[in-house]
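Engineer: Predicted model follows, preceded by the sequence.
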Amino acid sequence: MNRWRIGVSALALGLMMGCGLVLAQAPLARICGEVDKAPFCSAVRGDRSEGWVQQTRSEVMARNGMVSTVQPLAAQAGLRILQQGGNAIDAAVATAAMLNVTFPQNVGIGGDLFALIYVAKEKKVYQLNASGILPAGMTLERMQSLGYKANPANFGPGSGMPAGGILTVTVPGSLWGWQEVLTRFGTKNFKEVLQPAIDYADQGFPITEEIASLWRMKNALPLQRCCTQMDPDSIKTFYVNGKQPLAGTIFRNPDLAKAFRLIQQQGRDAFYKGEIARAIVAKSQALGGPMTLDDLANYKGEWVTPASTTYHSEFTVYGTRAPSQAWGIVEALNVLEACVPQWYPGQTLASLGPANPQYWHALIEAKKTVYRDVYGHNADPNAVNVPLEMLTSKPHAKSLCSSVNPARAAATGPANANGDGTGDTIYLATADRWGNMVSWINSNFSQWGSGITVPGYGFILHNRGGLFTLDPKSPNVIAGNKRPYNTLSAVLVMRGDRPLLVTGQHGGDQQGQGNMQVLVNILDLGANMQAAGDMARFSHNQVRNELQMESQLYQLVGGRLKEMGHKVVSSDGGPVGGYEGIMFTPDGNAGGGCTASDAKCSAPIAGFYRAGSNFREDGQSAGY
């Protein structure tokens, strides 16, 4: 018997080894986007065993600190800094740096940044504006001489501008902002917070399925009639052997590691005044761009007072102010608060509920009404007057109620209007044991930004200047030393004198309307932080007046909304943006609780953080 068992085992082992030689040649984990789909792609998803059946996973809960962002390795980099005694500000910079490595098409030191920071020691909310400024030598006349003119079919931002290329590059603000927040509120330095990103840039990481699907370099050349050709430096830096990398490819970026080491040694001066600055200007000038060393050396971001409003008397909602479009979220909540009782007497958003077409009509029409103001006024407040106090006031919101028909969809522009409105970025949120919370949005604008890579330093230059308009009558018209309209939107909510939550998402023009929907999910409908992002959303294009709804939501209310006049179609989760968020729940009986002034305190906070992340992509929340 024993010899039989041994013989069978030996035979089985031999067969397994033989099969292994065959199986090793074929991938075991396949992707449904492939032409030859794996059999599992016809399966259906299982159900949750408790709570809301369609929720993708539980909230992540922890007391000592939390990071939530769009890529797991980046979330873990931020968590590593928290575990090493860093605060939420330190963790935010470490997370952003890692995202530059792992998600280079959407974010990096060649982009721009907005952040809302709750500083527990001061019990105060700060806003950083580190968005890009156009080189001094760029003018409307220069764009027109190169053949670029306003598009009469696009009344929104970006009218007439090329989609990429060197003419869309403003002076990047990201790195200025990274150092600024560390200097003012951090406890660690660049040497510490950049090291995780340097390690991965040197050693490499496997590209995930979701990020691989976006790893398609955009055209960026020539200067006139852009864009029909790729930048060779971008292909050399970001493709592997000249080819687009597939999911699972190990990607290394030693040039970016080199840039980060220079920044560790010299701070942001390396980027704005030193070796990297000279490389940026050389690249720009080689392509006919206007960037100069003075443009980089003179760059400064600014600390400003964020836009804010109360909502249902219980909450204070903060949104990044102009040129960020997030002040529109503040206006939208004012409109919903004032107008829903007029549109549907005796009803609230909660009593209508997300299965009712009138609920969605209210949100969509509020969005349209607010974006008329945003498109009409949003621009660089240092260059033109942007009347934010009026636009975000309660009386102004009340005055807009009559502009909405509660039973019929409104038009937003001419029938032949055409504009894009898309964009890509990353959002991250952090929180620590002292009660500091950070809402942070960092971006190259659209995927691969301008499509232009600074050779030898491993990063893309953003194309945020593509959101200027070439209409001379617009407050957002292109001009030197001016910031363009910016879709980046960060949100922070207070409840009384305590921070309640930080949240945000990516998706260009989707950010404002997506954040509005998530806040309603939480503040009106009582959703937890994971459910709030899992719930189906819509995306409305203001210029084309086209409405997309995720498929199950479309099946639920799409037909009735069509009857109300909405141009609505079904979509997957791509158009509706990302989502990340962290909420603080106080508990005076929990014990512990560091005081904000005790930087060496290692006790957990008196309460806990709960976080959610976007299941539509690689979102992850990580705490300890």
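Structural biologist: Ah, there it is.
Engineer: what are the ranges of the helices in the stretch 501-624 of the chain?
Structural biologist: 510-523, 529-534, 551-553, 559-563 (DSSP state H, counting those that start in this stretch).
Engineer: Give me the buried positions along the shortest one.
Structural biologist: Buried positions in helix 551-553, judged by neighbour count with 16 or more other Cβ atoms under 10 Å: residue 553. Where you see a C-beta, it was placed from the backbone N, CA and C, and this is true even at glycine.
Engineer: Which residues does that helix contact?
Structural biologist: With contact meaning Cβ atoms under 8 Å, 6 or more residues apart in numbering, helix 551-553 is reached by 360, 536-538, 570-572.
Engineer: how about TSV for the helices of the stretch 501-624 of the chain, with distance to residue 171 and mean pLDDT added?
Structural biologist: Output for these, formatted as TSV (distance: least, Cβ to Cβ, whole Å; pLDDT from 0 to 100):
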stretch	distance to residue 171	mean pLDDT
helix 510-523	22	97
helix 529-534	33	98
helix 551-553	41	97
helix 559-563	43	98
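Engineer: Could you dump these into CSV with distance to residue 381 added?
Structural biologist: CSV is the format used below for these (distance: least, Cβ to Cβ, whole Å):
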stretch, distance to residue 381
helix 510-523, 17
helix 529-534, 31
helix 551-553, 36
helix 559-563, 36
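Engineer: For residue 485, which of the ones you listed is the nearest?
Structural biologist: Comparing these by their distance to residue 485 (Cβ to Cβ), the top pick is helix 510-523, with 11.8 Å.
Engineer: How many residues are close by residue 359?
Structural biologist: Residue 359 is flanked by 23 other residues according to other Cβ atoms under 10 Å.
Engineer: Contacts only, for it.
Structural biologist: 349, 352-353.
Engineer: with those residues in mind, which one is nearest to residue 49?
Structural biologist: Using Cβ to Cβ as the measure, the one of the contacts of residue 359 that approaches residue 49 most closely is residue 353, at 24.4 Å.
Engineer: what's the distance between that closest one and residue 524?
Structural biologist: Residue 353 sits 10 Å away from residue 524, going by Cβ to Cβ, to the nearest Å.
Engineer: more crowded one of the two?
Structural biologist: More crowded of residue 353 and residue 524, by other Cβ under 10 Å: residue 524, with 22 against 13.
Engineer: quick one: contacts for that one?
Structural biologist: So residue 524 contacts 312, 348-350 (Cβ under 8 Å, 6+ apart).
Engineer: just the buried members of those residues?
Structural biologist: Looks like the contacts of residue 524 have residue 349 buried, using 16+ other Cβ under 10 Å.
Engineer: Tell me the one of the contacts of residue 524 nearest residue 149?
Structural biologist: residue 349 (43.0 Å).
Engineer: Ramachandran coordinates for the nearest residue to the closest one once chain neighbours are set aside?
Structural biologist: Nearest residue to residue 349, sequence neighbours excluded (Cβ to Cβ, 6 or more residues apart in numbering): residue 524, at 4.5 Å. Per-residue torsions, residue 524: phi -100, psi -40 (degrees, to the nearest 10).
Engineer: how close does residue 524 sit to residue 292?
Structural biologist: Taking Cβ to Cβ, one finds residue 524 at 50 Å from residue 292.
Engineer: wait, what's in contact with residue 479?
Structural biologist: Counting by Cβ under 8 Å, 6+ apart, residue 479 has contacts 134, 138-140, 383.
Engineer: how about TSV for these, with pLDDT and neighbour count added?
Structural biologist: As requested, the contacts of residue 479 are exported to TSV (pLDDT from 0 to 100; neighbours: other Cβ atoms under 10 Å):
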residue	pLDDT	neighbour count
134	98	26
138	97	23
139	97	14
140	98	20
383	98	16
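Engineer: can you give me the strands in the stretch 251-400 of the chain?
Structural biologist: Using DSSP state E, counting those that start in this stretch, the strands of the stretch 251-400 of the chain run over 302-304, 307-311, 315-319.
Engineer: now for the shortest one, which elements pack on it?
Structural biologist: The helices and strands touching strand 302-304, judged by 3 or more Cβ pairs under 8 Å, 6 or more residues apart in numbering; DSSP states H and E, are strand 124-130.
Engineer: buried sites along the following helix or strand past the strand it packs on?
Structural biologist: Downstream of strand 124-130, the first helix or strand assigned by DSSP states H and E is helix 140-145. Neighbour counts over helix 140-145 (16+ other Cβ under 10 Å) mark 140, 143 as buried.
Engineer: now the closest residue to residue 608 other than its chain neighbours: how far from residue 40?
Structural biologist: Beyond its immediate neighbours in the sequence, the residue positioned closest to residue 608 (Cβ to Cβ, 6+ apart) is residue 63, lying 4.8 Å away. According to Cβ to Cβ, residue 63 stands 38 Å off from residue 40.
Engineer: Among the two, which residue is more densely surrounded?
Structural biologist: Neighbour count, other Cβ under 10 Å: between residue 63 and residue 40, residue 63 has more, with 20 against 9.
Engineer: Surely the more buried one and residue 603 touch.
Structural biologist: No: in this structure residue 63 lies outside contact range of residue 603 using Cβ atoms under 8 Å: 9.1 Å.
Engineer: Name the residues contacting each of those two.
Structural biologist: In contact with both residue 63 and residue 603: 433, 592, using Cβ under 8 Å, 6+ apart.
Engineer: which sections of the stretch 151-300 of the chain are below the confidence cut-off?
Structural biologist: Filtered on pLDDT under 70, the stretch 151-300 of the chain yields no residues whatsoever.
Engineer: Would you map the helices across it?
Structural biologist: Listed in chain order, the helices of the stretch 151-300 of the chain (DSSP H, counting those that start in this stretch) span 174-185, 190-193, 195-203, 209-213, 232-238, 254-266, 269-272, 275-286, 293-297.
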